[in-house]
Each structure stands twice: as structure tokens, then as C-alpha cells.
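Asks: Model the following, please.
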Amino acid sequence: MRQINKIIIHCTASRKGQPLTVADIDQMHQTRGWNGIGYHYVVYADGSVHKGRPVEKAGAHVSGHNADSIGICYVGGLDGSGNPKDTRTEAQKAAIRELVNELCRKYPNVVEVKGHRDYSPDLNGNGVIEPFEWLKACPCFDVQCEFTSFLPNVNIKP
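Replies: Sure thing, here's the model as predicted:
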């Protein structure tokens, strides 16, 4: 079994209300030349959690961070005009919190829970990934604010 020490949150960058399934994402990723879906879990708008790539296999979701992480993706992330926005339903928010909590218990070596955007390069070298440095807005919400209250021992700062 591989060592898991990070959980990375993503969005599908799809418009609010646009239904996407694990099979749809798998097909999109294969079209890009990947070996199947890159995320380990996908959370639908109704809050249901679906398995993607087996956790035993490295993901394909953040270059340079796949070997030791689990990728969780929620369906959404864009408003009706196609702009980045936290479109998570209350059911998705609850499901993601529960899944992260469960994974942190299952993998006690987890020391980071971050959003995809938090792995952008620190262009000005100040030690903080700021919005102007994001390569993409994904997951379109501040993971630090979301998880600080119930995962106090995990480093979630960008």
C-alpha cells in the first residue's frame, strides 16, 4: 500500500446543475491520454460519494503530488456563465467533510488537506499562495476555512 499524507480537493469545473458521472469524468480523462479517471472519489450534487480510481493506485490530479495523495472531486465549480464559483450543495459540503474526516482516520499520516489551487507556484516567494498566483481556481472555495474547525492537527494552510 502506498503512503498517503495528503488529501487534495478538486472540482470538475462544470456549470452548476450540469450532471457529470464518474463514467463521464473517466472518459474525459482517457481522452486526455490518462489511464482512466484521475480522482479517487467524486461527490455528486446529491451528496453521494462515488469511487473513481482505486486508492491503492496513485491518482492523476495534481502534477508532482499524486504518489502520496488522495484526490476528491465535487461536481460543479462554475456558475451559469462559466465563472469559477463554489457551487457545492449543502449535501456535497457535508459529504466532503465526512469523507475527509473518514480518510484522516483511515490514513493517520495525513498532514495536509488542501485545494488544487493551493499547489500553484509561489511566484513572489513569500511562502503564501495568493489568488493572483493560482494556476486555476479549483476547487473554488477556501479549503483552509472549510476544514480548520474539525481537523485542527492537520496542516491545511496553503
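
Asks: I'd assumed Pro108 was in a helix, is it?
Replies: No: applying DSSP: H, G, I helix; E, B strand; the rest coil, one finds Pro108 to be coil, outside a helix.

Asks: So which residues make contact with stretch 82-100?
Replies: Residues from elsewhere that reach stretch 82-100 (C-beta atoms under 8 Å, 6 or more residues apart in numbering): 7, 9, 11, 13, 15-16, 41, 43-49, 72, 74-79, 113, 137-141, 146-147, 150-151. The way it works is simple: take the backbone N, C-alpha and C, and place the C-beta from them, glycine included.

Asks: hmm, 7 Å instead?
Replies: With contact meaning C-beta atoms under 7 Å, 6 or more residues apart in numbering, stretch 82-100 is reached by 7, 9, 15-16, 41, 43, 45-47, 49, 72, 74, 76-79, 113, 137, 140-141, 147, 150.

Asks: next one: stretch 119-134
Replies: Val62, His65, Arg117, Asp118, Leu135, Pro158.

Asks: The fifth one: how many residues sit nearby?
Replies: The criterion is other C-beta atoms under 10 Å. On that basis, Leu135 has 11 neighbouring residues.

Asks: One more: the first one?
Replies: The criterion is other C-beta under 10 Å. On that basis, Val62 has 20 neighbouring residues.

Asks: got it, and the third one?
Replies: The burial count assigned to Arg117 is 25, neighbours taken as other C-beta under 10 Å.

Asks: just the fourth one next, same as before
Replies: Using other C-beta under 10 Å, the number of residues around Asp118 comes to 22.

Asks: Give me the subset of the contacts of stretch 82-100 lying in strands.
Replies: The members of those that map onto strands under DSSP state E are Ile7, Ile9, Arg15, Tyr41, Val43, Val49, Ile72, Tyr74, Gly77, Leu78, Val113.
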